[in-house]
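Q: here is my input, please return the structure:
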Amino acid sequence: MSAVKQLEMRAAVFAALGDPTRLRLVTKLCEDSPQSISQLSQGSDLTRQGITRHLDALENAGLVINIRRGRESLYSLESAPIEDIQKYLENMSKQWDNILSRFKKFVEEE
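A: Numbering: from 1, shown residues only. Just a heads-up that it's a prediction; the model follows:
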């Protein structure tokens, strides 16, 4: 996969997780997955249609998958994008640590 495509996929994940409702849905799916739209809408002021729109956004970002069981749609968390983001952030953290270490060394030598 090209570097540009990877960045686009990561940006989509960050954008999807940047919404509080979608972040709550991901948290619920982390606790107990798979879940129906009815289960996911419990404790929310949003309608089932509103929850469905947020789940569609999460699915488009690759964070959830829709599993059909008869007439019911169940949603399950897809961990691969989150694991990729975790590795990406760890790598960025190491790069910043290196930059700050070099900057500290430069300042101390002055």
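Q: other SSEs contacting the helix or strand hosting P81?
A: Using DSSP states H and E, P81 sits in helix 79-109. Judged by 3 or more CB pairs under 8 Å, 6 or more residues apart in numbering; DSSP states H and E, the packing partners of helix 79-109 are helix 3-17. In this view, the C-beta of every residue, glycine as well, is placed from N, C-alpha and C.
Q: next, the angle from whichever helix or strand comes after the helix it packs on to helix 3-17.
A: Later in the chain than helix 3-17, the nearest helix or strand by DSSP H and E is helix 20-31. Inter-element angle recorded for helix 20-31 and helix 3-17: 100 degrees (by axes from the mean of the first three to the mean of the last three CA atoms, to 10 degrees).
Q: just the C-alpha atoms of helix 20-31, please, in CSV.
A: Taking Å, rounded to 0.1, in the frame of the first residue of the first chain, the C-alpha atoms of helix 20-31 are listed here in CSV:
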residue,chain,number,x,y,z
PRO,A,20,-17.9,12.2,20.4
THR,A,21,-20.9,10.1,19.4
ARG,A,22,-18.8,7.8,17.2
LEU,A,23,-16.1,7.6,19.9
ARG,A,24,-18.8,6.5,22.4
LEU,A,25,-20.0,3.9,19.9
VAL,A,26,-16.5,2.5,19.5
THR,A,27,-16.1,2.4,23.3
LYS,A,28,-19.4,0.4,23.6
LEU,A,29,-18.2,-2.0,20.9
CYS,A,30,-14.9,-2.4,22.8
GLU,A,31,-16.8,-3.5,25.9
